[in-house]
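In: predicted coordinates and the sequence they were generated for:
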Amino acid sequence: MKHSTKVGIIGAGPAGLTLALLLQKRGIDCIILENRSRLYVESRVRAGLLEQNTVDLIRELGASERLDKEGLEHHGVYLSFNGVRQRVPFKELTGGRCITIYGQQEVVKDLIQANLDRGIEILFEAHAKHIEGTKTDNPSIFYQHNGEEHELTCDFVAGCDGYHGIGRQHLPKDTYNEFRIEYPFSWLGILANVAPSSDELIYAYHERGFALHSLRSETVSRLYIQVENDDTVDNWPDEKVWEELSIRLGTEGWSLQSGPIFEKSITPMRSFMIDNMQHGRLFLAGDAAHIVPPTGGKGLNLAVADIRFLASALTNWYDNQDDSLLQSYSQDCLRRIWRAQDFSNFMTYLFHKQAPHGSFENLLQKSKFDYIRISKAQATTIAENYVGLKEI
Ligand SMILES: Cc1cc2nc3c(=O)[nH]c(=O)nc-3n(C[C@H](O)[C@H](O)[C@H](O)COP(=O)(O)OP(=O)(O)OC[C@H]3O[C@@H](n4cnc5c(N)ncnc54)[C@H](O)[C@@H]3O)c2cc1C
């Protein structure tokens with residue numbers, strides 16, 4: 001079948017779903033192609049930390065009813081180095097801004113529902129295979145759906161199809177530089193049915209490795225520990241996970257509550273980006289163009305930040321026949337992406353074990369941590385990057 005729309009969007013993750021809602025609000029037709037089932041994308045456990053800008057956008061899109069009820073606002077974060085814990089207060093250091101804890105799968109559920117309520121077509125289990133004509137006025141996405149081949153012709157293609165998608169493969173290799181760091185450690189992450197043992201997140205360096213206490217709700221905790229890249233979940237029975245978390249997160253007068261673990265997985269830590277996100281009528285957004293290690297909680301937020309620029313640029317083109325914002329799209333996004341890459345890299349090196357305890361590198365790490373304790377300027381730097389810079 002051959003059909004057409006104005007903007008063909010590949011991927012129903014946070015990037016594709018917010019783009020569709022913003023375009024629909026501005027009267028621009030679009031269709032989303034998503035290669036997984038609705039159930040699969042709605043239950044994929046990933047991020048959980050929403051910057052203020054992301055929450056503001058979801059509200060602006062009228063999709064925040066559950067987020068406003070169930071999201072947990074956090075006004076600070078605990079940082080710990082070998083058991084010495086300190087709090088960085090966001091509110092007083094950033095003029096009242098905060099983060100909200102709300103699972104990515106819940107964000108995706110809400111955004112899918114909002115898209116469907118507004119009549120936006122999402123084709124689930126539609127596998128985009130290649131894109132043609134990106135340098136013409138009518139590019140096409142060729143995809144497979146229900147065992148049949150289809151062609152979607154559009155004015156623009158938005159590659160919101162994540163790190164493993166096809167969008168990036170359609171940028172000519174000589175149009176961008178690629179940057180990549182594979183960190184020599186991974187995260188073992190668990191979800192457990194137990195009330196969080198802390199009212200705010202705890203990032204901890206320990207001589208046995210990094211640990212993070214996060215949460216998803218008042219009854220579900222999300223916790224992570226640093227493991228080797230070749231480790232497997234089979235090496236981590238539940239009791240061993242809780243014991244290790246207790247040691248690494250421990251501080252005087254505090255104890256970690258354990259409970260039944262219902263999800264356990266290992267994620268490698270990677271920084272990746274390209275310095276051009278467009279070619280002709282093809283525009284990339286989100287993980288398709290950049291990956292940050294999850295230490296800074298930035299991936300979902302960056303994806304949504306790209307979309308703000310892309311939606312404005314497309315609106316300007318349709319309303320005013322002005323392509324200036326489309327031309328500057330990559331450069332406009334890259335300012336924020338570089339900032340998030342730097343902050344995520346900083347948090348990763350500050351809290352992970354990379355060198356033997358007591359070595360020069362390790363003592364520099366400790367000095368950086370102590371500096372946060374004594375310097376309001378350094379604590380402010382962390383706070384404003386953590387909640388997300390408002391304008392950039
Ligand atoms: C363990 C973990 C923890 C994280 N924690 C955080 C956090 O706390 N805060 C944060 O902000 N970020 C975090 N992230 C990152 C965050 O999850 C991603 O950055 C976010 O999902 C990016 O959204 P996206 O829409 O760009 O891509 P995705 O969510 O990957 O969506 C892309 C979509 O495209 C679809 N697709 C791919 N190829 C095709 C194709 N050929 N045809 C059709 N569809 C296709 C995919 O199925 C997918 O649904 C975390 C990630 C992980 C793994």
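Out: The structure has been received and is ready for your questions.

In: could I get the average pLDDT for stretch 290-299?
Out: If you average the pLDDT over stretch 290-299, you get 95.

In: which residues are contacting it?
Out: 46-49, 51, 99, 163, 183, 187, 203, 212, 267, 269-274, 286-287, 302, 337, 340-341, 343-348, 351-352, 385-386, 388 (Cβ atoms under 8 Å, 6 or more residues apart in numbering). In this view, the C-beta of every residue, glycine as well, is placed from N, C-alpha and C.

In: at 6 Å instead, please
Out: Contacts of stretch 290-299 with the rest of the structure, by Cβ atoms under 6 Å, 6 or more residues apart in numbering, involve 47, 49, 163, 269-270, 272-273, 337, 340-341, 343-344, 347-348.

In: are any of the residues you listed buried, and if so which?
Out: 47, 49, 269, 272-273, 337, 340-341, 343-344, 347-348 (16 or more other Cβ atoms under 10 Å).

In: what is the nearest of those to the ligand?
Out: residue 47 (2.9 Å; Cβ to the nearest ligand atom).

In: low-confidence ranges, this structure, go.
Out: Scanning the chain for pLDDT under 70 picks out 392.

In: which residue ranges make up each domain of it?
Out: 2-74+98-179+271-346, 183-270+352-387 (automatic domain parsing).

In: tell me how many other residues surround residue 206.
Out: 21 (other Cβ atoms under 10 Å).

In: and the closest residue to it other than its chain neighbours, what does it touch?
Out: Closest residue to residue 206 apart from its sequence neighbours, by Cβ to Cβ, 6 or more residues apart in numbering: residue 248 at 4.0 Å. Residue 248 is in contact with 204, 206, 208, 211, counting by Cβ under 6 Å, 6+ apart.

In: what's the helix or strand for the first one?
Out: What that stands for is residue 204. Assigned by DSSP states H and E, residue 204 falls within strand 202-205.

In: each with direction, which strands does that strand pair with?
Out: Here strand 202-205 is paired, per DSSP bridges, with strand 76-81 (parallel), strand 211-215 (antiparallel).

In: highest mean neighbour count out of those strands?
Out: strand 211-215 (a mean of 23; mean count of other Cβ atoms under 10 Å).

In: does any bit of that strand sit next to the ligand?
Out: No: Strand 211-215 does not reach the ligand (Cβ under 6 Å from any ligand atom); its nearest approach is 7.5 Å.

In: quick one: the helices in the stretch 51-200 of the chain?
Out: In the stretch 51-200 of the chain, the helices defined using DSSP state H, counting those that start in this stretch lie at 52-60, 65-70, 90-94, 104-117.

In: any chance of CSV for those, columns mean neighbour count?
Out: Below are these laid out as CSV (neighbours: other Cβ atoms under 10 Å):
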stretch, mean neighbour count
helix 52-60, 20
helix 65-70, 13
helix 90-94, 19
helix 104-117, 19
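
In: up against the ligand, what does the stretch 251-392 of the chain have?
Out: So the stretch 251-392 of the chain meets the ligand at 267, 286-287, 294, 297-301, 303 (Cβ under 6 Å from any ligand atom).

In: identify those among the residues you listed that sit within helices.
Out: 299-301, 303 (DSSP state H).

In: picking up where we left off before, and the furthest pair within the contacts of residue 248?
Out: 204 and 208 (10.1 Å; Cβ to Cβ).

In: who's more crowded, those two?
Out: Each of residue 204 and residue 208 has its neighbours counted (other Cβ under 10 Å); residue 204 has more, 26 against 14.

In: which residue is the nearest non-sequential neighbour of the more buried one?
Out: That would be residue 80: by Cβ to Cβ, 6+ apart, it lies 4.1 Å from residue 204.
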